[in-house]
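> structure, please.
(chains A and B)
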Amino acid sequence: MRGGSHHHIGYQRDDRFIPCHHHPALLLEMVREPGLDDHKALRHTGLFPEDLLNTNARLSPRHYLQLVHNIRRLHPDPELGFRYGQTLLPGHYGAISTLLGNAAHLDQALITLEDYQPLITPLLAPRIIRTGEYCCVQWLDSCGAGNEYRFLVESMMSALASVTRWLSGGPLPWTFQFSYPQPDYPEHYQVYLGAQLYFEAQMDAMLIPAHYLNQPWPRGSHTARAVSEQQCHQQQLALGCDTSLVHQLYLALIERIREPPSLDTAARELGLSPATLKRKLKHHGTHFQDLLDRARKHTALHLLQFYGYSGEQVARYLRFNDNTNFRRSFKRWTGLTPRACQQLVDRAMTTLKPL
Amino acid sequence: MWGFALHRWKWFGLLTIASAILALNTLTGTLKPMAEVVWLDIAGEGGAALLVLIWLALMLNSRPAGRVTNLLALGLSGIFVAYWQDVMDEVIQLPATIVWDHWLESGAMPVGMLLLTLGLYHWHKEQQAICDQLRKREKLFREHRDFDRLTPLTRAGYLREHLALASRCAAPPVLLMMELPDFDAHRRHLGERDSQRLLQEVAELLLLNLRRNDLLCRYAGHRFAALLTDIDARQALDLARELEQAVAAFAFKSAQGGTHYSRLVTAITEAGADTPEAWLERANRDLDEVRRRRATNVAA
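Presented below is the predicted three-dimensional model:
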């Protein structure tokens, strides 16, 4: 990444740091046919066909998103995202692929994804929530994906489902939850992900009973892990950040969700002026209040879904003065009342329980 | 889709004839004075000639070379030549002694139409033959958007439409869901290109082993669905077992020449009183159940 002065604030849309020969090259390979030239797919991405073999060529998140946009327009097949996902992990990205491919159990694989997110899933950040009984992998937009968001969710979920099936030696009983309504191609969700699918369920997440986290996997090599972990650590240090600006701010808000900082405070802590932070967030298709609402909504959802909180308990936790006020906010975040939402997520939870 | 190169000589021939007509007219005749030219006629006849050219281009673009294509091209060319001479007549005055322009105008049109009709008739015959071949892959109607890019089969959207039709039939049809349960692992082993070819070849294999009236489609990924009509549950089970055996015996060859074996799991679901969507959902659940049972059997 260039311009080393402001890295601690996280990478941004225009930072060139994604190696061309990693995800972007894989995506192009999926659709490459004899007679089709790469120029159309590479339009407005700042890339040339010869860059794909150049190990030093780097792409910004914005350019990667443009590539996804171009390829989806040229190949409108809805299966593409799922097929692309299957090839993504562990991938051939050097140290990070070795690290992931040698995970000793599911928990290690998830920790790897979360800790080295910029190296392996730059556009969609996973957040792992462990609740004792369950584990939830929530996928979050890290750079303002806009219309490509659903494609990214499809490909990353397909990627994680596929790589964990491969590493564990058999399919894992994931339950899938989506923020959007069921698309008109449910068959790909069923075949590539599985039968437990819940659409219009407020967040994009994969759930699994917690006892799967530490079941030993056959492949993990301790030495390979130790060595590749050091290399990944070096790579991330060179990059200068652990995640994107937007995701970093979101996580900071989640951490202090009971007493969230104001825009001014958050900007000061990042070493930016409020106006600059505002401008940067706008560039990523979001704003401070939007991120704060998202953080509160997700916290409320997790409390309802995984900890069995009632609406009143959530309101108290989030320090709302009165219940009416909380219900109004909740309705604004989710379009539902807390009770209706609880019923909805309970349905997803029932498939996780009987084991 | 077939490109310009395949029909290069047809275009070249037509261009030559059109230029020859233009040359003959300008050499033997004289330009009409502006006052005598009827612009509406030129626009009408010229437009017709242009449209015929567009038809020709569309037709040639979508067809391989062959007898039917030649007939259609000759017919359309004849019609074009007649209109072209019409346009010439509007702007060039030929001496009264010349009659070939008349022959061109009045002769090329009927001959062209005759050839076009003959071409369309053979095209219809050809279509019937193709439909016969495609019968297992697409049943009653064709919708090109439903076709799979990878295999010669239709996709899930087409199946859903057919389930709605089939559930109204007198004899209840049976839905056979099939899957290559180890495909994801094979894909990592074989690589993207070979694993896609494996799917194509399994699709062909399934087609070969199905009956004439069965509809096969690629549901998604490595899952296939066949809609079986006029069949009872026992026969359907036999057919499913035959398909499993066929896939188990199939020795797929990778690009390196290595042999690679796959297995197929199948599940049969009869139509119920529910909606086609629910039927399909039931079929998918049944398949999941069979796959799980087989996996635990293997483990045990």
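> now do the same end-to-end measure for stretch B:268-287.
8 Å (CA to CA, to the nearest Å).
> that stretch vs chain A: in contact?
Yes - counting by CB under 8 Å from any CB of the partner chain, chain A is contacted by stretch B:268-287 at B:N284, B:R285. In short, each C-beta sits where N, CA and C put it, glycine included.
> run through who's touching the helix or strand that contains B:S19.
According to DSSP states H and E, B:S19 maps onto helix B:8-28. Helix B:8-28 is contacted from outside by B:4, B:56, B:60, B:73, B:77, B:80-81, B:84-85, B:88, B:92, B:94-95, B:98, B:100-101, B:104, using CB atoms under 8 Å, 6 or more residues apart in numbering or on different chains.
> tell me the mean pLDDT for stretch B:98-116?
For stretch B:98-116, the mean pLDDT works out to 88.
> correction: stretch A:98-112
Across stretch A:98-112, the per-residue pLDDT values average to 96.
> now, of the contacts of helix B:8-28, which are buried?
The neighbour-count test (16 or more other CB atoms under 10 Å in any protein chain shown) marks B:56, B:60, B:73, B:77, B:80-81, B:84-85, B:88, B:92, B:94, B:101, B:104 as buried among the contacts of helix B:8-28.
> one step back: and the helix holding B:S19, how far out from the chain middle?
34 Å (CA atoms, centre = their mean, to the nearest Å).
> buried residues in it?
So, applying 16+ other CB under 10 Å, buried residues of helix B:8-28: B:K10, B:L14, B:A18, B:I21, B:L24, B:N25.
> how does the chain divide into domains?
Let's take chain A. If you go by automatic domain parsing, the domain ranges for chain A are A:12-76, A:78-204+A:214-243, A:245-350.
> the intended chain is chain B.
According to automatic domain parsing, the ranges for chain B are B:5-134, B:148-299.
> tell me which helix or strand comes right after the helix or strand of chain B with the lowest mean pLDDT.
Averaged element by element with mean pLDDT, DSSP states H and E, chain B has its least confident helix or strand at helix B:156-166 (a mean of 82). Where DSSP H and E defines the elements, the next helix or strand beyond helix B:156-166 is strand B:174-179.
> tell me the angle of that following strand relative to helix B:156-166?
Orientation check (axes from the mean of the first three to the mean of the last three CA atoms, to 10 degrees): strand B:174-179 against helix B:156-166 gives 160 degrees.
> tell me what strand B:174-179 is packed against?
strand B:223-228, helix B:233-249, strand B:265-270, helix B:276-299 (3 or more CB pairs under 8 Å, 6 or more residues apart in numbering or on different chains; DSSP states H and E).
> same list, these, but as CSV with mean pLDDT and mean neighbour count please.
Below are these laid out as CSV (pLDDT from 0 to 100; neighbours: other CB atoms under 10 Å in any protein chain shown):
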stretch, mean pLDDT, mean neighbour count
strand B:223-228, 94, 24
helix B:233-249, 95, 15
strand B:265-270, 94, 20
helix B:276-299, 87, 16
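> now the ones you listed in CSV, with distance to B:Q128?
Below are the helices and strands packed on strand B:174-179 laid out as CSV (distance: least, CB to CB, whole Å):
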stretch, distance to B:Q128
strand B:223-228, 23
helix B:233-249, 27
strand B:265-270, 32
helix B:276-299, 29
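> ok so, going back, what about the contacts of helix B:8-28, which are in helices?
Per DSSP state H, helices hold the following members of these: B:L56, B:L60, B:A73, B:S77, B:F80, B:V81, B:W84, B:Q85, B:M88, B:W100, B:D101, B:L104.
> just curious, which of the residues you listed is nearest to A:S142?
Nearest to A:S142 among these is B:L60, at 49.8 Å by CB to CB.
> for that closest one, which non-adjacent residue is spatially closest?
B:H7 (4.5 Å; CB to CB, 6 or more residues apart in numbering or on different chains).
> repeat that for B:I98.
Closest to B:I98 by CB to CB, 6+ apart is B:T28, at 6.0 Å.
> circling back: for the domains of chain B, give me CSV that also has distance to A:P338.
Below are the domains of chain B laid out as CSV (distance: least, CB to CB, whole Å):
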stretch, distance to A:P338
domain B:5-134, 54
domain B:148-299, 30
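> those domains: which one's closest to A:A195?
Nearest to A:A195 among these is domain B:148-299; the distance by CB to CB comes to 5.3 Å.
> burial check on residue 273, number of neighbours?
No chain in the question, so chain A it is. 12 (other CB atoms under 10 Å in any protein chain shown).
> I was thinking of chain B, sorry if that wasn't clear
Counted with other CB under 10 Å, residues neighbouring B:A273 total 7.
> quick one: it and B:A267, what's the gap?
20 Å (CB to CB, to the nearest Å).
> equivalent analysis for B:A240, please.
In terms of CB to CB, B:A240 sits 8 Å off from B:A267.
> now do the shared contacts for those two.
Overlap between the contact sets of B:A240 and B:A267, as judged by CB under 8 Å, 6+ apart, is given by B:L176, B:M178.
> one step back: ok, which of the domains of chain B comes nearest A:F151?
Among the domains of chain B, domain B:148-299 comes nearest to A:F151, with 16.1 Å by CB to CB.
> roughly how far out does the closest one sit from the chain middle?
Going by CA atoms, centre = their mean, where domain B:148-299 is centred and where its chain is centred differ by 23 Å.
> A:N325: which of the helices and strands packed on strand B:174-179 is closest?
Of all the helices and strands packed on strand B:174-179, helix B:276-299 comes closest under CB to CB, at 41.0 Å.
> residues in contact with stretch A:174-187: which ones?
By CB under 8 Å, 6+ apart, stretch A:174-187 touches A:78-79, A:150, A:153, A:157, A:161, A:164, A:189, A:193-194, A:196-208, A:345, A:348, A:351-352, B:156-157, B:219-220, B:223.
> please apply the same query to stretch B:44-64.
B:1-3, B:6-7, B:10-11, B:14, B:69, B:72-73, B:76-77, B:79-80, B:83-84, B:86-87, B:90.
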